[in-house]
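Undergrad: the following comprises the amino acid sequence and a computationally predicted model.
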Amino acid sequence: MPVTLATTDLPCPLWRRLLALVYDLLIVVAIVMVVGLLCQLATGGQLIHTAGRTVVPIWYQLLQALVVLAYFISSWRRGGQTVGMRPWRIRVTRDDGGTPSVQQALIRALVAAAPLVLLMLEPMLGLRPTLWTLLGVWAAWFAVALFDPRRRAIHDFAAHTEIRLLE
């Protein structure tokens, strides 16, 4: 039987959700490392080719994206919290306070990850300017929460979700 967490009507401060995101980044790195190890073992160590230029197969990139998406979507659907949200006592909810639907969780994850498309600029701009651009766009993505009374970021607006404090 799933445990229902009681939320307050108080929106989550931006600093709290960013710290939770740092925790989740550690989880995502671990997930990516495990998937990478399993794929290296499955391909006999021939997954990534580096003869003059690094070539990462598209199937591997898609697999990594799907596994990370699955982590976030399943966490938000099962209790509204990722591992990083638990110590900060925050939870993702629908606008009406319920658990996000699969569609809402998918939209939220895809919109939050959308700035990663900027990584395709790396061959033209170089790595450093591309990463600074990506960081700037993500800062703008979250800066919206500073001005919204319910502290929603761009992906919350898109998915009709918000982050609330737990009681």
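TA: Okay, I see it.

Undergrad: alpha carbons only for contacts and neighbour counts from here, please
TA: OK.

Undergrad: buried sites along the one helix or strand F157 maps to?
TA: Assessed by DSSP states H and E, F157 sits inside helix 154-159. By neighbour count with 16 or more other C-alpha atoms under 10 Å, helix 154-159 contains the buried residues 154-156, 159.

Undergrad: could I get whichever helix or strand comes after that helix in PDB with only the CA atoms?
TA: Under the assignment DSSP H and E, the closest C-terminal helix or strand after helix 154-159 is strand 161-166. The C-alpha coordinates for strand 161-166 follow below in PDB (Å, rounded to 0.1, in the frame of the first residue of the first chain):
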ATOM      1  CA  THR A 161       3.000  20.800 -11.400                       C
ATOM      2  CA  GLU A 162       4.700  22.400  -8.500                       C
ATOM      3  CA  ILE A 163       7.100  21.600  -5.700                       C
ATOM      4  CA  ARG A 164       5.600  21.800  -2.200                       C
ATOM      5  CA  LEU A 165       6.900  21.500   1.300                       C
ATOM      6  CA  LEU A 166       6.000  18.500   3.400                       C
END
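
Undergrad: mind listing what's buried in the lengthiest helix in the chain?
TA: Identified as the longest helix of the chain according to DSSP state H is helix 14-42. Going by neighbour count (16+ other C-alpha under 10 Å), the buried part of helix 14-42 is 14, 16-17, 20-21, 23-24, 27-28, 31-32, 35-36, 39.

Undergrad: return the member of these nearest to W141.
TA: Distance ranking of these against W141, using C-alpha to C-alpha, places L14 first at 11.6 Å.

Undergrad: ok, the closest one to A20 distance?
TA: Applying C-alpha to C-alpha, to the nearest Å, the value for L14 to A20 is 10 Å.

Undergrad: how about G97?
TA: Plainly put, G97 is 20 Å away from A20 if you go by C-alpha to C-alpha.
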